[in-house]
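In: quick one, what's the 3D model for this:
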Amino acid sequence: MAFVPSSPVTGATQSTLTTPTYTLAADTAPSPQGKQYAVTALGGTQTGVSAHSVSSPFTGTMFRPAVLKTLQPVNPANGALRSVPMNDYVVLTRKGVLPLAGQSPKILPIKTTVSIPAGSDIADPVSIAAAISFHIGLLTQLAEEIRKTTLTGTI
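Out: Next up is the predicted model:
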């Protein structure tokens, strides 16, 4: 699997953090179809943020499908595909957050699922690259606005 982030990871710009970085260590994923890294140290100014611990995890995980799906033969009568199965790849960030001061942390999951139509990895890999590039660029560009939306509920 090609999911091997370089450490430290430079965080996206946020008005509440100053030059955030995240040092990673390989961790054990919750399934054999995944790779996981734990945030073991924080860089920059991140007052109140904690690195990974048992009680308050801070991890990044990528999962691939347990069984990769392929295209079935086309219908011989009309030459059309009967169906196009999807291969779902998931990138999951988990961070323990406090719901109220003095309480136990709860898990905040952030999940991006990339559902690749079987066959498109061969027939149209450049469009897959463009979609992923745009998605990550959009998230990076709007990181501060997404944070504000999660706090205010307004889009």
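In: and the residue sitting nearest the centre point of the chain, bridged to which residues?
Out: Nearest to the mean C-alpha position of the chain, by CA atoms, centre = their mean, lies Val91 at 2.8 Å. For Val91, the beta-bridge partners are Met62, Thr112 (DSSP bridges).
In: wait, doesn't it sit right on Met62?
Out: Yes: between Val91 and Met62 there is a contact at 5.1 Å, judged by CB atoms under 8 Å. All C-beta atoms are positioned from the backbone trio N, CA, C, and that covers glycine.
In: list the residues that contact both of the two?
Out: Phe3 (CB atoms under 8 Å, 6 or more residues apart in numbering).
In: what about Asp121, is that helix, strand or coil?
Out: Three-state call for Asp121 (DSSP: H, G, I helix; E, B strand; the rest coil): helix.
In: where does the closest residue to it other than its chain neighbours land on pLDDT?
Out: The shortest distance from Asp121 to any non-neighbouring residue, by CB to CB, 6 or more residues apart in numbering, is to Ile128 (6.8 Å). As summarised for this prediction, Ile128 has a pLDDT of 94.
In: swap in Met1?
Out: pLDDT, Met1: 49.
In: could you say which helix or strand holds the residue nearest to Asp121?
Out: helix 125-141 (DSSP states H and E).
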